[in-house]
Every structure is written in C-alpha cells, then in structure tokens.
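> Predicted model and sequence below, questions to follow.
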Amino acid sequence: MRSFLPIFLSFFLLNGFFSSFERPISLPDLSYSKHPVEILAFLNLGLRRLAADVEMIRLLIYYGSSEAMADELNPPKDAPLYPGMFFRAEEILNLDPSFNYARLYAAGALAFSLGRPVEALQLMKEGLVLEPENEQFKAYIAAIAFSAKGDPQKAVDALSPYLERKDTPSMLINISAFIYYRLKEMDKAASLYRRLLDLRNPEYHSIAKKMLRRIALDKTFSPRRKRFKR
Amino acid sequence: MKQIWVLALDSFLENIWNRIFILVAIFGGLLIYTSLLLGVLAADQELRVLMDSGLALIEIVTLIAGLYFSATLFLKEIETKTIYLILSRPLNRLQYLLGRVLGLLLSLVLIMLVMSGLHVILLLLHHWNWQDSYLLSLLGIFLKVLMVTAAAVFFSLLSTSSIAAIVFSGSLWTLGNFTPEIRFMTQKSSGLAGVLGQAALFLFPHFEVLNWSGNFNGAIILSGASYALLYSSVFLALSWLILRKKEF
Amino acid sequence: MPSVISFREATKIYRSSHLGRTIKKIGLVDFSIDVEKGEAFGLLGLNGSGKTTTFKLALGLLTPNSGTVKIFDLSPMTRSFYSRIGYVPELPYFHSFLTVKACLKFYGKLSGLSQADIQSNLDRVLWETGLVVYKDKRISELSKGLSQRVALAQATIHSPDLLILDEPMSGLDPLATRDLREYLSRLLEEGKTIFISSHSIFEIEKLCHRVGVLKEGRLIRILQRKDWVEFPGGLEGRFAEIVQNEGSTKALLRNSVK
C-alpha cells in the first residue's frame, strides 16, 4: 500500500496540473433542443464536432421539408416559416462555434429567403465576437443590412467577393445568382450558376442548368439582339 | 528487452489472427455506408461530415478494440494458463507486463493504420486535399486510447473481471471527455458544487488537451502528448505493483 | 550438495472474500521435501490434494503463507535460475494459429536462447518428442496427445536441468504415454531432475525414484521405490492403502489452520 500512495498522488497531481491546459467549454443550452439525450451522448463520447454535424444535417432536412411547421409544438397561426431556424443554428454553433458554414447557411436563409434579418444579424454578430477579423462575416452583415433596406444590388455586391470560398453555402450562391439575374447582370449570374454546376453538391444542379438555358435564351432574344437582326 | 519484444510480437500476432480483421471489416462497412448516406444528406458539407464521422469511427473502433484487448489480456492468459508457461521463463513480471502492453499497442496502431488508410482513400475520392493535421488528429486519438487502455489494464488486474475493467475505464473515457464542461461549471460555481467540480478535475483525465483539430501549436502538442504518456505510465506502474504481488 | 528442490514446512492457505466473509481453503500444509539432482520425484494424490499448489509454489506463481521454498537453493522470487526449469502445466493452451515450429521458437526465445541455439535445439526436441512430421502443422490441427507432446517440447527446448510436470500424461493414448515415459527416462539418464504429478500411477511407478502421497494438502507419506516394488499391489496398492487408511485429517487440519 505504501508504494501505491505516491503513485496515486502523482496521478491526482498530473490531472490537476494538465487540467489548466484545458480550455473551459460551456455546456450547450439544450433547453430548445429536440435531441438533448443524443447530444449529451455525443458529448460524453468526445464527439462534439460530430454532434454539430448531425444537427446541421437535421437543419438541412428541416429547411428542405415543406412541413417544417409540423415539428414545432402548437405554432401560432401567424407563425413565420421555419420558426426553429434560429434556435437550431444556435444549437449547432453552441456545439461547434467554429462551424462557419452553419452560421452562414442559417443567416443566409433567415436574411435572404425568410425575411428575418434580425435573427440573421444576431447569428453573424455572435460570429464576429468570436472572430473579430473575419472579413467574410463583416461582408455578410453588410449584405443583410442592404437586403433589409431593400437594396439587393448592394447586398449581392457585398457578398460576391466571398462566393468563391469553400465554406459558402450553395444556397447563397443560388440566391446571389438569382439576384444578379433579376438585376439583368447576366454574365455574373451565369458565372455563379456555372459555379453551382461545378460543386459536388447536386442540390442546385438542375436549377442552375435551367437558369443557364434561360439566360442563353434571354441573350438570344434580348432587345439589342433583336435590333441587330433587323 | 529481447523478451519484451518477443512477447509483444506474440500478442500482436494473436490479435491480428483472431480479432482485428473483424473490427476493421465492421469499420469499413460503416464508413462506406456513412459516406454514401452523408453524400445525400450533408450537401455542401459532405467532406467535413465524412472527415468528422470517419475520425469518430476510427476513435470509437480503436477504443473498443483497446478496451477489449486490455481488459481480457491478462485474464485470458490466466484462464488458459498461458501465463504459467511464460512466467516460468527467465523474465520478470515487469517485462511480461511491458511486452504484453506493447503488443496490444502495436495491434491498435495497425488497426488505426488500416482504418485511416480506408478513410483517406474515401476522402481522396471525394476530392479532399491532403492535410498534415490529419496525422495529428490520429496521434491525438491514439494517445487518448492509450490512456484508457492503460487504465483498463490496471482495472482488469485489480478487479479480475473484464466486464468491470471495461465499465471502469469506459467511465473514465466519458468523464474525461466532459472535463472542459466541468471546468466551465466549476468556474461559475461556489461552495460544495465548486469543490466537487474541482475534485473531478483532479480525478478525471483531460482528453480535451489531445483534441488538436482546431488551434494547435508545438507547445500544445508537446504538453498534450506528455500528459498522455505520463498518465498511461502511472496506470502501468500501478498495474505492475499489482502484478508483482499477484498469485496465479 | 544442496537439493534441487527444497520445501520446508511450506503452507499455503487460499483466502477469498465473499459478501464480506473471508473463506479459507487449504492448499498445502507443513509440506517438507527435498528432491535431489538426477532424481525423479512423483506426487500422488486425489483431486484437490495440493499437487498443483506445490508446483505453483516451486515456480513462484504462489507465495507460501509460512515456511520456505527453494529451487537450486534460491527463492523462486529470484528469477535468475528460470532458464534451468522446464514446466508443463495441466492441459496447457497454445495459440491455435501457430505452427508447432513457431510455437517452440517462441518459447525458446522467451527462455533466452540465441537464434543459433533455437535452431539446433528445435531439431533435437522435435526429434525426441516425435513431432518432426508435425512441425509445420498448426496447433489447431493437432490431437490432444500431440498437443501434450508440444507441451513437453516447449518445456525441454532450452535443455533445463529441472522438469516440473503437472499431469503430463493427461489425455495421452497408451502408446504416446509409453513414448513420453521413455523420453523422460532418457532425460533422467542425462542427469536431469524430474518433479512430476500424475493420475497414471503405473507411469509414476516405472519412472520415479520416490513418491510423495498427498491428502487434503498434507504430505502423508514418502515412499521409496522398494516400498512399492516389494508390495503385492505395487504402487497403486500402496497408494490406495495409504489414502484409505489415513484417518480423517480434516479436524486436524482445521485445528492447524485456526
């Protein structure tokens, strides 16, 4: 027993000393979570990042489902579409604050598709607190603000330098391409649709092909072209 | 040293022959299934999810293998009386312990190499560009499993029950993954909760210091690796103290 | 000259705890013998009489509660002499995936033999145990009798001076038993010492110079060869007579344990 004692003591000291190298991490707020037990199980296994991934996939399925309202308990009659979008994104970012794709996706959907810029700005501001130098976040905040003021041209121009980045959601490229199309900036729109076709994610491939065909047709029958024919 | 190596090689061959391929086959199947599923579900983040799920699977499978091998290592040798044949040779019990544990670790390294090889092939098929940090992630996983494996060896010798050893060391695994949250809560708590939280930080391992997927530098890696090695050495020293006096 | 094996009043009591109650079980009580160089000493006894406990004490796998055990005049805790011992436990297990040759090489290396010694000793031991034709077979393909030969081969690959054999004839057919006995006789002629237990009294009778009879952990008699050679029923008759006539020692043992 006498020889066990110093070894046990060294065990405690070792843990105590190296615990100071560990950054404290807050427990994710699971009060709004739909799968708290599952998330806790992931955390217990040390799979925090994977928990965020799984919740992200759930968010994608949620946003892709037309019955998104159904999973909210007793939604009020005038409840917005996809009411859980913000909290689901917050949950993912609680699990992995560096998951920028999740932040950009949810903020993009909230600001440019669902018309809820306040929640989108909240997500982006939280991101900026974590990464104050992140230029992409700043551009997104500007784009959200322009979009809220009804100036899609400035919004999409603010976003455009970052649309080539790997962590930019295809959804945002699609939205930006469509805004350019509406603004009659066909070359920019076509370039973005072509980029969508280059991505492995096939989600927007068919819409990109359709829009590229439409852009080609529009160019053929544009007033300038018609004049030339005459 | 020669005897340690002979024993290590023996354990390694036994593990390869008996069990490793089943585990790797399970891993391969799960990995391919996951990659196909995620390709559909994860959209733009297919690569990230494939990376995370692959590393998680490598970690879990290596952990299961490590726990199983270490918890049954000596008990099986006692049951089959192989230990009599070995301890009636000119080698001491420390050499026996080190040889067997080294063989176990070699088996785990092989499992990890095969699994990560499969994983990398799958990632490359998904147009992943090689990153050196992948190797660091693997090293972190190995060190974490090493810590739990060393604990399982100790518990198996202490309790003479492989199930108890797996339960105790498995608990260490889950608690050790929770210490950053415990530390966070301890900082916010006072009184008894604070004291209990502080005690937990001295009792449980800290696996967060081996998570190098985010920010890391040489000092972080060095301190994490030293912690894992020292921690495992403490458990092996305790195991030796038990084995030294153990009767068969 | 010191004895090869020396037990002096060695006592081993097994203790186990169950629900807070300590249960004691007698392994061996006041056991004293000396086995000399070149001698074959047999242990006879019913199941649970303490034969395996005796061997484990000799090998340092157990430590006595009281008394002393010495091998080559050293405590079994001194591991320096273990290259001079060969041990065959009862029903040993070998990795089933190994070939006979690989298995013997493994034990040769563990015994500290050099690569060259392993090669020469391997050929010798394969020949002597009749395993030459099976050397490339996997252990899993061997019969029980052949596995027992492997057990003997692993115990002799390093040419030990002392062989400790716990039921080495277990599971062997009559021919294999005869081969084994002949092999052990040859080893005796070479001056090796054999400490053996077996339920096969006939083999012990032919091989051993002396036999110790154990009952309930106690050595109740040591017989010289002349004691059974001149007895009408041979060793078997002597053993039955001794074990049956020995009055119930349980009460006695209980007292001594307390």
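Yep, that arrived.

> When you work out contacts or count neighbours from here on, use the C-alpha atoms and nothing else.
Fine.

> Just give the nearest non-adjacent residue to the residue nearest to the spatial centre of chain B, would you?
With distances taken as C-alpha atoms, centre = their mean, B:Val145 lies nearest the centre of chain B, 1.4 Å away. Nearest residue to B:Val145, sequence neighbours excluded (C-alpha to C-alpha, 6 or more residues apart in numbering or on different chains): B:Leu63, at 5.5 Å.

> what comes up buried for the helix or strand hosting that neighbour?
Per DSSP states H and E, B:Leu63 falls inside helix B:46-79. Using 16 or more other C-alpha atoms under 10 Å in any protein chain shown as the test for burial, helix B:46-79 gives B:46-75.

> how deep is A:Phe17 tucked in, by neighbour count?
Around A:Phe17 sit 14 other residues, with neighbours defined as other C-alpha atoms under 10 Å in any protein chain shown.

> Three-state assignment for it, please.
helix (DSSP: H, G, I helix; E, B strand; the rest coil).

> For B:Ser190, see how far away it is.
Between A:Phe17 and B:Ser190 the computed distance is 21 Å (C-alpha to C-alpha, to the nearest Å).

> ok, now A:Ser113?
Counting by C-alpha to C-alpha, the gap from A:Ser113 to B:Ser190 is 46 Å.

> just A:Arg213 next, same as before
Counting by C-alpha to C-alpha - A:Arg213 and B:Ser190 are separated by 66 Å.

> Can you list the low-confidence ranges for chain A?
By pLDDT under 70, the weakly predicted segments of chain A are A:1-2, A:66-79, A:221-230.

> what are the ranges of the helices in it?
According to DSSP state H, chain A carries its helices in the segments A:4-19, A:36-44, A:48-64, A:85-95, A:100-108, A:117-130, A:135-148, A:152-159, A:170-182, A:186-198, A:205-220, A:223-229.

> Export these to JSON lines and append columns for distance to chain B.
Shown next, in JSON lines, are these (distance: least, C-alpha to the nearest C-alpha, whole Å):
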{"stretch": "helix A:4-19", "distance to chain B": "4"}
{"stretch": "helix A:36-44", "distance to chain B": "5"}
{"stretch": "helix A:48-64", "distance to chain B": "6"}
{"stretch": "helix A:85-95", "distance to chain B": "12"}
{"stretch": "helix A:100-108", "distance to chain B": "8"}
{"stretch": "helix A:117-130", "distance to chain B": "13"}
{"stretch": "helix A:135-148", "distance to chain B": "18"}
{"stretch": "helix A:152-159", "distance to chain B": "18"}
{"stretch": "helix A:170-182", "distance to chain B": "7"}
{"stretch": "helix A:186-198", "distance to chain B": "11"}
{"stretch": "helix A:205-220", "distance to chain B": "12"}
{"stretch": "helix A:223-229", "distance to chain B": "38"}
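
> Write out the residues of chain B neighbouring chain A.
For chain B, the residues in contact with chain A (C-alpha under 8 Å from any C-alpha of the partner chain) are B:41-45, B:49, B:52-53, B:56, B:173-175, B:177-178, B:180-185, B:201-206, B:208-209, B:227, B:230-231, B:234, B:237-238, B:241.

> Out of those, which sit inside helices?
Here DSSP H is the test, and these give B:41, B:49, B:52-53, B:56, B:173-175, B:180-185, B:201-203, B:227, B:230-231, B:234, B:237-238, B:241 as lying in helices.

> pLDDT of stretch B:194-202, averaged?
Across stretch B:194-202, pLDDT averages out at 85.

> What residues sit buried inside that stretch?
By 16+ other C-alpha under 10 Å, the buried positions in stretch B:194-202 come out as B:194, B:197-198, B:200-202.

> same check, this time on stretch A:156-170
A:156-160, A:162-163, A:167-170.

> Please enumerate the strands of the stretch 151-258 of chain C.
C:162-166, C:193-197, C:210-215, C:218-224 (DSSP state E, counting those that start in this stretch).

> whoops, I mixed them up, chain B
With DSSP state E as the definition, chain B shows no strands.

> still on that earlier bit, can you check which of the helices of chain A gets nearest to chain C?
Judged by C-alpha to the nearest C-alpha, the one of the helices of chain A that comes nearest to chain C is helix A:4-19, at 20.6 Å.

> Packing partners of the closest one?
helix B:191-203, helix B:218-245 (3 or more C-alpha pairs under 8 Å, 6 or more residues apart in numbering or on different chains; DSSP states H and E).

> And the contacts of the shortest one?
When contacts are defined by C-alpha atoms under 8 Å, 6 or more residues apart in numbering or on different chains, helix B:191-203 is touched by residues A:12-16, A:19, B:179, B:182-183, B:185-188.

> got the contact list for the closest residue to A:Phe178 other than its chain neighbours?
Sequence neighbours aside, A:Ala189 is the residue nearest to A:Phe178 in space, at 6.6 Å (criterion: C-alpha to C-alpha, 6+ apart). Neighbour list for A:Ala189: A:176-181 [criterion: C-alpha under 8 Å, 6+ apart].

> how about stretch C:110-121, does it reach chain B?
Yes - Stretch C:110-121 is in contact with chain B by C-alpha under 8 Å from any C-alpha, via C:110-112.

> Make TSV from those and add secondary structure, neighbour count and pLDDT to it.
Listed next are these as TSV, based on DSSP: H, G, I helix; E, B strand; the rest coil; neighbours: other C-alpha atoms under 10 Å in any protein chain shown; pLDDT from 0 to 100:
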residue	secondary structure	neighbour count	pLDDT
C:Leu110	helix	24	92
C:Ser111	coil	27	91
C:Gly112	coil	18	88
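
> Once you drop chain neighbours, what's closest to the residue positioned nearest the centre of chain A?
Centroid-nearest residue in chain A: A:Tyr105, 1.7 Å away (criterion: C-alpha atoms, centre = their mean). Closest residue in space to A:Tyr105, ignoring its immediate chain neighbours: A:Pro169 at 5.7 Å, by C-alpha to C-alpha, 6+ apart.

> can I assume that neighbour is in contact with A:Arg103?
No - between A:Pro169 and A:Arg103 there is no contact under C-alpha atoms under 8 Å: 9.9 Å.

> Select the longest helix from chain C.
Longest helix in chain C by number of residues (criterion: DSSP H): helix C:174-189.

> Against which helices or strands is that helix packed?
Judged by 3+ C-alpha pairs under 8 Å, 6+ apart, the packing partners of helix C:174-189 are helix C:201-207.

> buried residues in the helix it packs on?
Buried residues in helix C:201-207, defined by neighbour count with 16+ other C-alpha under 10 Å: C:201, C:203-205, C:207.

> I'd like these as TSV, with distance to chain B appended.
TSV is the format used below for the buried residues of helix C:201-207 (distance: C-alpha to the nearest C-alpha, whole Å):
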residue	distance to chain B
C:Ile201	25
C:Glu203	24
C:Ile204	23
C:Glu205	27
C:Leu207	24
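
> nearest to chain A, of these?
Nearest to chain A among these: C:Ile204, at 44.8 Å, using C-alpha to the nearest C-alpha.

> Which helix or which strand is home to the closest residue to the closest one other than its chain neighbours?
Spatial nearest neighbour of C:Ile204, chain neighbours left out: C:Gly42 (6.4 Å); criterion: C-alpha to C-alpha, 6+ apart. Assessed by DSSP H and E, C:Gly42 sits inside strand C:40-45.

> Going toward the C-terminus from that strand, what's the next helix or strand?
helix C:51-59.

> what's in contact with that following helix?
Residues contacting helix C:51-59 (C-alpha under 8 Å, 6+ apart): B:88, B:248, C:5, C:12, C:27-28, C:43-45, C:62-64, C:69-71, C:76, C:164, C:166, C:197, C:214.

> and chain B, which residues reach chain C?
Chain B has residues B:3, B:6-7, B:10, B:14, B:17, B:80-82, B:84-92, B:247-248 near chain C, with proximity defined as C-alpha under 8 Å from any C-alpha.

> Next step: the residues you listed restricted to helices.
Judged by DSSP H, the residues of chain B next to chain C include B:3, B:6-7, B:10, B:14, B:82, B:84-87 as members of helices.

> Let's see if you can find the most crowded of these.
When neighbours are taken as other C-alpha under 10 Å, the top entry among those is B:Leu7 (25 neighbours).
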